[in-house]
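**Student:** got a structure for you, letters missing:
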């Protein structure tokens, strides 16, 4: 059994939903999982106590949360010594075209450059467009930005772009990666 910490930043709650789903999958695979919103993190939290760390961030206006970037920079030296990963939540990742993938990958590249951290594993997940919750200007701007994208909306006009099967699959792949790295470390001792 591994202890896995997931630290995430979220703007509108979709990254939190994804982090919770990943945590459920970790627990279903008999690992001890802790999930923490970086905005609410206890300064006494010691990441050295965890076997692995997963970081998640959502993208708004082309950037991940400043608090996530700062946390990664502060904890980078510990992160690189453990199995680690990064997941990003964005509208671009939910686009069903190559341009969306290129855009989402560009956000990750900028994050890596800004934090000087190269995650062991990376996943890109589509976010959500909660048009019913936005003010007039934000709604108009986002509708303009996504005007050429195809997505389904619910009765309120909102769209969830997250592929939940991909989320569960990534969580499973991440746990296998962590298990393998931890067993290699035990064998090396």
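**Tutor:** Yep, it's here. Fair warning: this is a prediction, and the values are worked out from it, not measured in the lab.

**Student:** relative to the whole chain's centre, how far out is the longest helix along the chain?
**Tutor:** Of all the elements of type helix in the chain, the one with the most residues (DSSP state H) is helix 164-188. A distance of 16 Å separates the C-alpha centroid of helix 164-188 from that of its chain, computed with C-alpha atoms, centre = their mean, to the nearest Å.

**Student:** domains of the protein?
**Tutor:** According to automatic domain parsing, the chain comprises the domains 3-127+162-188, 129-161.

**Student:** so how far is the first one off the chain centroid?
**Tutor:** Think domain 3-127+162-188. The chain centroid and the centroid of domain 3-127+162-188 are separated by 4 Å under C-alpha atoms, centre = their mean.

**Student:** need the contact partners of the longest helix of the chain.
**Tutor:** 2, 4, 18, 21-22, 25-26, 29, 31, 51-52, 54, 83, 85, 87, 120-121, 123, 125 (C-beta atoms under 8 Å, 6 or more residues apart in numbering). In this view, the C-beta of every residue, glycine as well, is placed from N, C-alpha and C.

**Student:** of the residues you listed, buried ones?
**Tutor:** Buried by 16 or more other C-beta atoms under 10 Å: 2, 4, 18, 21-22, 25-26, 29, 31, 51-52, 54, 83, 85, 87, 120-121, 123, 125, out of the contacts of helix 164-188.

**Student:** rewinding a little: mean pLDDT lowest for which of the domains of the chain?
**Tutor:** Mean pLDDT is lowest for domain 129-161 among the domains of the chain, at a mean of 57.

**Student:** rewinding a little: mind listing which of the contacts of helix 164-188 are in strands?
**Tutor:** Among the contacts of helix 164-188, the ones falling in strands (DSSP state E) are 4, 52, 54, 85, 87, 121, 123, 125.

**Student:** can you give me the helices for the chain?
**Tutor:** 14-28, 66-79, 91-94, 98-115, 136-145, 164-188.

**Student:** out of the domains of the chain, deepest packed?
**Tutor:** Most buried of the domains of the chain, by mean neighbour count (mean count of other C-beta atoms under 10 Å): domain 3-127+162-188, with a mean of 18.

**Student:** for the helices of the chain, which one sits closest to residue 38?
**Tutor:** With C-beta to C-beta as the criterion, residue 38 lies closest to helix 66-79 of those, at 4.8 Å.
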